[in-house]
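> sequence first, then the predicted structure, then my questions.
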Amino acid sequence: MLEEELDPLLEAAVRALSEATDVAAVEAVRVRYLGRRGELTERFAVLQDPTLSAQEKARLGKKFNAIKQSLEKSLSERKAALSPQGISGGSVADLTLPGHPPEVGRLHPITQTIERILAIFRSLGFAVVLGPEVETEYHNFDALNIPANHPSRENFDTFYLESERETDVLLRSHTSPVQIRFMKRHRPPFQIVVPGRVFRPDATDATHSFQFHQVEGLAVGPGVTFGDLKGVLAAWAKGMFGSSARLRFRPHHFPFTEPSAEGDLSCIFCGAKGCRVCGQKGWLEILGCGMVHPEVFKAVDYLPGTVGFAFGMGVERIAMLLHGIEDIRLFFENDIRFLRQFP
Ligand code: DAH
């Protein structure tokens, strides 16, 4: 190897580079000179020569390195210059590639269902009110005329925030306590709806979850009757499920209403003829309601003779009916494949 060959080789490589018109040509120059069998690489092999003195080796090694570095620099500069939209710093972005479209978020199906429910009640003149998820026994039970020995107050039906019921703090088991909170601060007449999350220590299965949502309703004012309750809920049902939806009322018992009823929706799957979803009954139970019990008005210091109606409905159940969903757990598992289906 003649040392004098090195500089001309470097010059030839640089010249070839300046003639390269694309990245592939630059790569060809690199392979030709610095590839594993490249013209410069092969000459560098002389460093392995055992007859070379240590001094000579060091001097040659230095020279080789200088040449190699110089050529590598020229190669990367030329490559960057020829790359489409070359960006300084050597990184290269192809601006002709399609971009990453921003992921557009959407509302959870339960939120969407709550919004639909509320929109109808707003149009009927109801205001939307919220209350806390952590409640006291007083608001959740006592003030609602639910007696101390009522089964719903047992540990297995309510989440108490301290074990053995040593405190009276709990996760609300329904949205009804917001009735009490609202009435303590407002005088009739008014009509409100209260959406919110509620909690019960139910074993989870396709139709039960330890957390779910309700929408509570409360209308109080002179002359309010059970007829108003039926009219409001029937109008809501038609707005929610379509003009052929009907409601029927069955006598029931709730401590905080008298009289009380359960509201059944005509089955939206079979037109009340009877099918698998309604268990051949033609009706789907979707809410509880009634005229507010005088004891409840007493608890909030309203005058004797005050009248009003109240109702409460389960949001998950309604969402499942609307969308034909058979498992409540889907709402809480955060599986994006499920959630994407509710644009
Ligand atoms: N709070 C009841 C429950 O969770 C639902 C309910 C029934 C609410 C009747 C009401 C009502 O306001 O009048 O099961």
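Alright, I've got the coordinates.
> sec struct for the residue lying farthest from the centre of the chain, please.
Each residue of the chain has a distance to the centre, and by CA atoms, centre = their mean the biggest one is for T51: 73.7 Å. Of the three states, T51 takes coil according to DSSP: H, G, I helix; E, B strand; the rest coil.
> can you give me the distance of it to the ligand?
The gap separating T51 from the ligand is 97 Å, by CB to the nearest ligand atom, to the nearest Å. C-beta: built from backbone N, CA, C; applies to glycine.
> please apply the same query to R37.
Taking CB to the nearest ligand atom, one finds R37 at 82 Å from the ligand.
> same question, S244
Separation of S244 from the ligand (CB to the nearest ligand atom): 25 Å.
> correct me if wrong: that residue contacts A272.
No. Contact status for S244 versus A272: not in contact, 9.2 Å apart, counting by CB atoms under 8 Å.
> more neighbours, these two?
Between S244 and A272, A272 has the larger neighbour count (other CB atoms under 10 Å), namely 20 against 10.
> wait, the more buried one sits on Q280?
No. Applying CB under 8 Å as the test, A272 and Q280 come out as separate, 11.0 Å apart.
> hang on, the earlier thing: find residues that contact each of S244 and A272.
By CB atoms under 8 Å, 6 or more residues apart in numbering, S244 and A272 have these common neighbours: S266.
> and the residue of the stretch 51-200 of the chain closest to the ligand?
The nearest approach of the stretch 51-200 of the chain to the ligand comes at H174, 3.3 Å away (CB to the nearest ligand atom).
> contact partners for L284?
D264, L265, S266, C267, I268, V277, C278, L321.
> mind checking the SS state of it?
strand.
> what pairs with it across the strands?
Counting by DSSP bridges, L284 forms beta bridges with L265.
> per-domain residue ranges of the chain.
The record's domain split for the chain, according to automatic domain parsing, is 2-90, 109-339.
> mind checking how far the longest one is from the chain centre?
I take that to be domain 109-339. Distance of domain 109-339 from the chain centroid (CA atoms, centre = their mean, to the nearest Å) equals 23 Å.
> between the two ends of it, how far is it?
End-to-end distance for domain 109-339, by CA to CA, to the nearest Å: 7 Å.
> buried residues, the helix or strand hosting R337. List them.
Assessed by DSSP states H and E, R337 sits inside helix 336-339. In terms of neighbour count (16 or more other CB atoms under 10 Å), helix 336-339 has its buried residues at L339.
> next, count neighbours for the closest residue to Q211 other than its chain neighbours.
In space, and not counting its chain neighbours, Q211 is closest to F199: 5.3 Å by CB to CB, 6 or more residues apart in numbering. F199 is flanked by 19 other residues according to other CB under 10 Å.
> what's near enough to touch F199?
The contact partners of F199, taken as CB under 8 Å, 6+ apart, are E133, F159, L171, R172, S173, F210, Q211.
> make it 7 Å
By CB atoms under 7 Å, 6 or more residues apart in numbering, F199 lies in contact with F159, L171, R172, S173, F210, Q211.
> picking that back up, tell me the pLDDT of the residue lying closest to the residue of the stretch 51-200 of the chain closest to the ligand once chain neighbours are set aside.
Once flanking residues are discounted, H174 sits nearest to V198: 5.4 Å by CB to CB, 6+ apart. For V198, the pLDDT comes out at 98.
> from R340, how far out is V198?
Distance, V198 to R340, using CB to CB, to the nearest Å: 27 Å.
> check G263 too.
Distance of G263 to R340, given as CB to CB: 32 Å.
> these two: which is more packed in?
Remark: of G263 and R340, G263 carries more neighbours, 25 against 9, as counted by other CB under 10 Å.
> just say helix, strand or coil for the nearest residue to that one once chain neighbours are set aside.
Distances taken as CB to CB, 6+ apart put L287 closest to G263, at 4.2 Å, once the chain neighbours are dropped. Three-state call for L287 (three-state DSSP): strand.
> flag every residue of the chain that's near the ligand.
H174, S176, E216, F254, T257, G288, C289, G290, A310, F311, G312 (CB under 6 Å from any ligand atom).
> contacting residues for the second one?
It refers to S176. So S176 contacts L144, E216, F256, G312 (CB under 7 Å, 6+ apart).
> just checking, the first one touches P255?
So the one you mean is L144. Yes. The pair L144 / P255 is scored as a contact, 6.4 Å apart, by CB atoms under 7 Å.
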